[in-house]
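Undergrad: Provided below are the primary sequence and the corresponding predicted coordinates.
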Amino acid sequence: MKRYALVVAVAILSAGCGDSPTDPSDGPVVFTSALAASNEVPPVTNADRDARGTVTITFSVPRDSAGVVTGPGTANFSAQVSGFPAGTVARAAHIHPGAAGVNGSPLVDTGLTPATAITLADGTGTLAFSGIAISQANAQAIISNPAGFYFNIHTVLTPGGAVRGQLVQQ
């Protein structure tokens, strides 16, 4: 009898939660982007010109059953880069609004600053940032139109942006 009561209780609790594998509110929202110096506007032509990489950005934001963001959350960033000159100093990284070929002001800042800069000793490396606050409005705007936003990394040599890529939702 106790076993039957436990099975019924689990079934009732499971039915009441409303989550399913196809529910758009389940799990994080993941974006990727292929980064290249040639994607910058204007394209990079200095010693950073051969730089490239990839970034994965993961939003953890509350969403309703239709996938609409219902509050603020956090973002995690993991960028793998290569092709930079040895000793390159990465000093900023952001998500900006802007379609391909269009520049925009930073919208979601990773927190990388000249004071917390990362030196790429051999021109390659991983830049990782976690728990970055993202507002409800910014998260919804990016989720609704990822191609209208780009991620880029700024270096000392190329302060306007050294590598860039448009976001693609996975």
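TA: Thanks, I have the structure now. Residues are numbered from 1 along each chain as shown.

Undergrad: leaving out chain neighbours, which residue sits closest to residue 96?
TA: residue 104 (4.2 Å; C-beta to C-beta, 6 or more residues apart in numbering). The C-beta positions use only the backbone N, C-alpha and C, and glycine is treated the same way.

Undergrad: that neighbour touches residue 94, doesn't it?
TA: No - contact status for residue 104 versus residue 94: not in contact, 9.5 Å apart, counting by C-beta atoms under 8 Å.

Undergrad: between those two, who's got more neighbours?
TA: More neighbours sit around residue 94 than around the other of residue 104 and residue 94, counting by other C-beta atoms under 10 Å; the figures are 20 against 15.

Undergrad: list the buried residues in the strand or helix carrying that one.
TA: In the assignment (DSSP states H and E), residue 94 maps to strand 88-97. Neighbour counts over strand 88-97 (16 or more other C-beta atoms under 10 Å) mark 88, 90-97 as buried.

Undergrad: which regions of the chain lie under the pLDDT threshold?
TA: Per-residue confidence of the chain (counting by pLDDT under 70) places the weak regions at 1-26.

Undergrad: of all residues in this structure, which one is nearest the centre?
TA: Among the residues of the chain, residue 57 comes closest to the average C-alpha position under C-alpha atoms, centre = their mean, at 2.5 Å.

Undergrad: for the protein, what spans make up the strands?
TA: Taking DSSP state E as the criterion, the chain carries its strands at 29-36, 52-60, 73-82, 88-97, 108-109, 118-120, 125-134, 149-155, 163-166, 168-169.
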